[in-house]
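Participant: A structural model of the following input is requested.
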Amino acid sequence: MDITAPLLSAANDNPTPLAAAARAVLDPSGLGTIDRVPVIPEAARRRHRVFVPADHRFMAAARFLQALWREGRGLAMGTHVDRREPHRPRRLGSRISTAAGTLGANFLHPDIVPVVARALAYREPGAAYDVDRLKTNLLSSQPLAFNLFGLLTGNPTLATCFVNELLPGTMTHVTDILFEHSPGRGDPRFTADRTAYDVVLRGRDATGARALLCIEIKYSEAGNEPVPPPHPRHAEIARTTPGLFVDPANPTLTGPACQQLYRQHCLASAMLTAGLADTATLAFIAPTHNQLAHAAAATYTRHLTDPQAGPIPFVPLTLEHAFAALATAGLPNHARALHRRYTDWWLVDGELDLAVAPASAVTPLPATAPTAPTTTDTPIAPARPVRRRRPHATRLSVEPIARAA
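Facilitator: The predicted model follows:
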């Protein structure tokens, strides 16, 4: 697979041909975006083994989409163990089996698998890796971080192109990509706790200054994580970083909606004070329709003196924007795979339509099975009726799972 294939050609009179090409990659049928994710009936969620009563609307839709992705690739269903009932593991459609996870099936390209293996082997002391969740939980944002940035780790030129598309002017040269990074968990020079970033890009900006791009990624999470005990080091950093917060002592900063971004902003400030870089930017990435996560980011933004031009800019971004940036940087096939797995809500729409289709609309199966030998050893998903109104919104095609090198 040529992961650096050129983008689709665009018309010469188009003022933004790369942007147009990216849209063509992520929306090949021209259906556009869905206004909101649907409320999925309980019966449909149970049918795909993804009914979790505690799920909010977006999480339920995201879990459903991940189950469709798993089913379309014939991956065995995994299990979830409730801490309250550890003796009763439950099969869950948004998980894959341990065997499939070991083969790297949670990652969208074979070249990502060794990146994950190396990150685990050389993990920082105290890094918050749940290896089983990383390899088997399709809904987790941690494998998403590797799926989004993994192919950039061995190609600084490609990584720089991606950053220039994602956040123009932030960096002119990317030198390193770090996963689950903190310069020192528990170190009093920093935040003296376990605060870390999902991804950190290090490099240089146009002036030659050392630059950091610190990234927090959400997929289905609401952005209202449990509040850890307050630490006086955070308040000290907030108070001594001029121009960052409107009111460093505002209790909302340490509340559920803001505390994680507040801690990460404090960590970035401490890293600059320690001389680890000259500039830093904090970016937040979540799917467009994860309204709870974006609402939390918006709440946090209101407590910053100048989010864009302050001492450490804060930039909320959509996951779809990151996929488009990846496509225009030179990875259109991978961007398409990311979109299809994580944000193609037309697949959910199509599945719901199939569930209520009248019996007369279902194409009858042949009386006998074909006798021709199969050309692939990948399990084939059960046949499903085909929607005619939105042909691309039927079940996913079967693709080989990624395997470790």
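Participant: run through the residues that contact the closest residue in space to His231 that isn't next to it in sequence.
Facilitator: Distance criterion CB to CB, 6 or more residues apart in numbering; nearest residue to His231, sequence neighbours excluded, is Asp193 at 5.4 Å. (Each C-beta comes from the backbone N, C-alpha and C, glycine too.) Asp193 is in contact with 185-186, 228, 231, 233-234, 263, counting by CB atoms under 8 Å, 6 or more residues apart in numbering.
Participant: ok, Gly93 next?
Facilitator: 48-50, 63, 66-67, 70-71, 77.
Participant: need the residues you listed in CSV with pLDDT, can you?
Facilitator: Converted to CSV, the contacts of Gly93 look like this (pLDDT from 0 to 100):
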residue, pLDDT
His48, 95
Arg49, 95
Val50, 96
Arg63, 97
Gln66, 98
Ala67, 97
Arg70, 97
Glu71, 96
Met77, 96
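Participant: by neighbours, which of those wins?
Facilitator: Within those, neighbour counts (other CB atoms under 10 Å) peak at Arg70, which reaches 28 neighbours.
Participant: that one: what secondary structure?
Facilitator: helix (DSSP: H, G, I helix; E, B strand; the rest coil).
Participant: thought it was touching Ser97?
Facilitator: No: here Arg70 does not reach Ser97: they are 9.8 Å apart, not a contact under CB atoms under 8 Å.
Participant: overlap of the contact sets of those two?
Facilitator: Taking CB under 8 Å, 6+ apart as the contact rule, Arg70 and Ser97 both touch Met77.
Participant: and the pLDDT at Leu94?
Facilitator: Quick fix: residue 94 reads Ser, not Leu. If you check Ser94, the pLDDT there is 96.
Participant: scratch that, Asn12
Facilitator: Asn12 is assigned a predicted lDDT (pLDDT) of 42.
Participant: let the chain start at 33 from now.
Facilitator: Shifting the count to begin at 33 puts that one at Asn44.
Participant: for Ala160, grab phi and psi.
Facilitator: Torsion angles at Ala160 (phi, psi; degrees, to the nearest 10) stand at phi -90, psi 70.
Participant: please name the residues that touch it.
Facilitator: Ala160 makes contacts with 212, 226, 228, as judged by CB under 8 Å, 6+ apart.
Participant: I'd guessed the first one sits against Tyr161; true?
Facilitator: Yes: contact status for Glu212 versus Tyr161: in contact at 6.4 Å, counting by CB under 8 Å.
Participant: ok, those two, which is more surrounded?
Facilitator: Remark: of Glu212 and Tyr161, Glu212 carries more neighbours, 21 against 15, as counted by other CB under 10 Å.
Participant: a helix runs through the more buried one, doesn't it?
Facilitator: No: with three-state DSSP as the criterion, Glu212 is strand rather than part of a helix.
Participant: nearest spatial neighbour of it, chain-adjacent residues omitted?
Facilitator: Ala159 (4.7 Å).
Participant: can you pull out the low-pLDDT segments for the chain?
Facilitator: Scanning the chain for pLDDT under 70 picks out 33-51, 53, 115, 117, 119, 387-437.
Participant: quick one: the helices in it, in order.
Facilitator: 49-58, 74-79, 89-104, 130-134, 144-153, 163-168, 173-181, 188-198, 264-272, 291-305, 323-333, 351-361, 364-374, 378-387 (DSSP state H).
Participant: from Asn322, how far off is Leu276?
Facilitator: 26 Å (CB to CB, to the nearest Å).
Participant: just the buried positions in stretch 139-151, please.
Facilitator: For stretch 139-151, burial by neighbour count (16 or more other CB atoms under 10 Å) applies to 139-141, 143-148, 151.
Participant: and which of those is nearest Ile66?
Facilitator: Nearest to Ile66 among those: Leu140, at 21.9 Å, using CB to CB.
Participant: got JSON lines for the contacts of Ala160, with distance to Ala56 too?
Facilitator: Formatted as JSON lines, these follow (distance: CB to CB, whole Å):
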{"residue": "Glu212", "distance to Ala56": "34"}
{"residue": "Arg226", "distance to Ala56": "42"}
{"residue": "Ala228", "distance to Ala56": "37"}
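Participant: between those residues, which is nearest Pro175?
Facilitator: Closest to Pro175, out of all of the contacts of Ala160 and judged by CB to CB, is Glu212, at 12.0 Å.
Participant: list the contacts of that closest one.
Facilitator: By CB under 8 Å, 6+ apart, Glu212 lies in contact with 151, 155-156, 159-161, 174, 228-230.
Participant: distance of it from Tyr332?
Facilitator: 21 Å.
Participant: list the buried residues in stretch 377-388.
Facilitator: For stretch 377-388, the neighbour count (16+ other CB under 10 Å) marks 377-386 as buried.
Participant: let me have those residues in TSV, adding distance to Arg271 as columns.
Facilitator: Below are the buried residues of stretch 377-388 laid out as TSV (distance: CB to CB, whole Å):
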residue	distance to Arg271
Trp377	43
Trp378	48
Leu379	48
Val380	46
Asp381	49
Gly382	53
Glu383	51
Leu384	51
Asp385	55
Leu386	57
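Participant: check those residues against Thr311 and report the nearest one.
Facilitator: Nearest to Thr311 among the buried residues of stretch 377-388, with distances taken as CB to CB, is Trp377, at 36.4 Å.
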